[in-house]
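**Student:** Have a look; sequence and predicted model below, questions after that.
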Amino acid sequence: MPDIPEPRSWRIALPHTAAAVPMARALVRTALAELDGSADSHTAELLTAELVANAVEHTVGTAPIELVVEVLPAGCQVEVHDPDPTPPGDLCPNHDIPPDPWLEHGRGLLLIRTLSSACGHRRTEQGKAVWFTLPARPAP
């Protein structure tokens, strides 16, 4: 039976402020590079920024937001944990109501649904985790 490599991950608490967004982007970029992540780092950074920005904007309080980056054999998974158990907007890939192009907000979850291979959310003991996965890039 072949050995299946264990997932490799990073987990870090981020401040519950707008400063968390660029920090999260940098951490995802670094984690994927350091852990030899084969997923597209640019897409991972963009989607992570959307999740962190949503967590900062739509949750109250000052509790930290937790970022988890897990490099898997088939790509990567990124989770953002926040203290609010309320589910985010619709992350279902079959969501058929496009965002209003005149509104300033509402496109982040569309990006996540469109660019990730899977996404969703789950309740946690402290609130919720919102996540996405990206597939590994094809070998050259």
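**Tutor:** Looks like it came in fine.
**Student:** How far does the helix or strand of the chain with the lowest mean pLDDT sit from its chain's centre?
**Tutor:** Every helix and strand in the chain was compared by mean pLDDT, DSSP states H and E; the lowest is helix 108-115, with a mean of 85. Taking C-alpha atoms, centre = their mean, to the nearest Å, the mean C-alpha location of helix 108-115 is offset from the chain mean by 11 Å.
**Student:** Could you point out the helix or strand that follows that helix?
**Tutor:** strand 118-124 (DSSP states H and E).
**Student:** Which elements pack onto the least confident helix or strand of the chain?
**Tutor:** Using 3 or more C-beta pairs under 8 Å, 6 or more residues apart in numbering; DSSP states H and E, the elements in contact with helix 108-115 are helix 41-58. All C-beta atoms are positioned from the backbone trio N, CA, C, and that covers glycine.
**Student:** tell me the angle the helix it packs on makes with strand 118-124.
**Tutor:** 40 degrees (axes from the mean of the first three to the mean of the last three C-alpha atoms, to 10 degrees).
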